[in-house]
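Asks: I'll drop the sequence and a predicted model, then ask my questions.
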Amino acid sequence: MSEPRPARVRVTGPPRRRASVVRPAGTREIDAGTEVGEVYMRSLLREQRRLAIRVLTVLATTVGGLPLLFLAWPSLASERLLGVPVAWVLLGVLVYPWLVFLGWRYLRQAEQNESDFEDLVGEVRQ
């Protein structure tokens, strides 16, 4: 005679208990859509907008100014660097590392703005 099989047991892992997370007062203000929360969000958006305008201004003056540079000094367009026209070197080679640098710098500063915002919101107590 065979032994009775044990009942199957469903294994789901340890019970999950969430620790009660205390959210900062500023976060509650933002989630609730209060006037204070709107002020917080406007301040973050204003900082991010200022940063974007600064980066675009630098980009426009540096890369956008290259054609004006060649217009002001036509002899520069005929100069060669290692057998390649200087205009090609500037517009076709050196612009890309500059764009990568600007993008990297923008990202770092945007993250810093968000970190400062989190610190500000976290410090507010009701």
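Replies: Noted; the coordinates are in hand. Numbering: from 1, shown residues only.
Asks: now tell me what touches stretch 87-97 from outside.
Replies: Residues from elsewhere that reach stretch 87-97 (C-beta atoms under 8 Å, 6 or more residues apart in numbering): V63, L66, F70, L76, A77, L81. C-beta: built from backbone N, CA, C; applies to glycine.
Asks: repeat the analysis, applying 10 Å as the threshold.
Replies: Stretch 87-97 is contacted from outside by 59, 62-63, 66-67, 69-70, 76-82, 84-86, 98, using C-beta atoms under 10 Å, 6 or more residues apart in numbering.
Asks: need the distance between the two termini of that stretch.
Replies: Start-to-end span of stretch 87-97 (C-alpha to C-alpha, to the nearest Å) is 16 Å.
Asks: same question, stretch 78-95
Replies: Terminal residues of stretch 78-95 are spaced 19 Å apart (C-alpha to C-alpha).
Asks: centre of the chain to it, how far?
Replies: 32 Å (C-alpha atoms, centre = their mean, to the nearest Å).
Asks: in it, what counts as buried?
Replies: Of all the residues in stretch 78-95, those buried under the rule 16 or more other C-beta atoms under 10 Å are V86, A87, L90.
Asks: can you give me the strands in this protein?
Replies: 80-81, 84-85 (DSSP state E).
Asks: can you put those strands in TSV and add distance to V121?
Replies: TSV is the format used below for the strands of the chain (distance: least, C-beta to C-beta, whole Å):
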stretch	distance to V121
strand 80-81	51
strand 84-85	52
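Asks: how about these, which one is nearest Q109?
Replies: If you check each of those against Q109 by C-beta to C-beta, strand 80-81 wins as the nearest, at 32.6 Å.
Asks: so which residue is dead centre in the protein?
Replies: Centroid-nearest residue in the chain, with C-alpha atoms, centre = their mean: L107, separated by 3.8 Å.
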